[in-house]
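[1] Based on what follows, work out the 3D shape:
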Amino acid sequence: MVVIRHKESGDQLYEHPGDTVAGGQLAYLVLLAADLRSADLRGADLRGTDLCQADLRGAVLDGADMRGADLTLANLAEASFQGADLSDARLQAVSLEESGDARTSFQKADLTRVNLKNSNLAGSHFEDSEMRRIDLTHTNLSGCSFVGANLTEANLNFSSLRRADLSYAMLVSVFLADVDLRDASLRHAELGGAVLSGALLAGADLTHAHLSRTIFAQCEDLHRATGLDSLEYLSPSSIDVETLRRCAGELPREFLEGAGLTPSQLEGLLAANRAQHETV
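    Residues are numbered from 1 along each chain as shown. Purely as a prediction, here's the structure:
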């Protein structure tokens, strides 16, 4: 049998028959602060299970059913959730005690409507994951890979995505207020309806990204992004006056035209920008 103990006191929390908990029926158990370091929980039924403050460092939960589970304040560093179903689970404030990258694996996992806010997930992998309406506000996502992930209607406000790879990601109607996207890759990303307000974009690669009713507001370093002359437009986007005042003189004409500015608006804007610089 396998005994699951409290990570600090060593008290027994649960006794599982058999030699492994892989594929085990652990739904709706209370495993608060459980010591599950390097545990093999592949394919386990963990629906609704209380794993708050659990130590899951290095644990393998590939293919596990974790719908509605609560992992608040758990440590998920180096853990693997590949192909797991975490829809509607709560994972807020995870891996905060890690001083470096968490490097958690969520490839091809279902993270629909998951709460992951206020967490440290730096260096983690989300390739091809389903992440619709996920809450990733105030989260360290620097260096993460979201290649091919579906982040439709995700909330990424106030998070760090510095050096993240969002190539080919679905970012439809995503919220990106005060987000750090410096040196991130958004190559071929779908940005239809996305709201970038106060986003840091210096060094971000937008080569062949798709824009459609995309909003750029107070993006003062937009002109320092790359690939702006290769964007693809399905419908006009919106750029606020503050962004244009700061960047228009250095933004590619192709971008300004594709974003919806008419020739007369464009000429007037560029003339005003030249006059402003000459005055300065």
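
[2] Tell me where the stretch 51-200 of the chain has strands.
    Assigned by DSSP state E, counting those that start in this stretch, the stretch 51-200 of the chain shows strands spanning 175-177, 195-197.

[3] And the contacts of the first one?
    With Cβ atoms under 8 Å, 6 or more residues apart in numbering as the contact definition, strand 175-177 has outside contacts at 154, 155, 156, 157, 158, 194, 195, 196, 197, 198, 199. Heads up, the C-betas are built off the backbone N, CA and C, glycines and all.

[4] Apply 10 Å and report the result again.
    135-137, 153-159, 161, 191, 194-199, 201, 214-219 (Cβ atoms under 10 Å, 6 or more residues apart in numbering).

[5] about what we covered before: rebuild the strands of the stretch 51-200 of the chain as a markdown table, extending it with mean pLDDT.
    Shown next, in a markdown table, are the strands of the stretch 51-200 of the chain (pLDDT from 0 to 100):
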| stretch | mean pLDDT |
| --- | --- |
| strand 175-177 | 98 |
| strand 195-197 | 97 |
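
[6] As a markdown table, those strands with distance to residue 107 would be great.
    Shown next, in a markdown table, are these (distance: least, Cβ to Cβ, whole Å):
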| stretch | distance to residue 107 |
| --- | --- |
| strand 175-177 | 23 |
| strand 195-197 | 26 |
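
[7] Could you dump the ones you listed into TSV with mean neighbour count and distance to residue 32 added?
    Output for these, formatted as TSV (neighbours: other Cβ atoms under 10 Å; distance: least, Cβ to Cβ, whole Å):
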stretch	mean neighbour count	distance to residue 32
strand 175-177	21	32
strand 195-197	21	38
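
[8] nearest to residue 242, of these?
    Closest to residue 242 of those, according to Cβ to Cβ: strand 195-197, at 10.4 Å.
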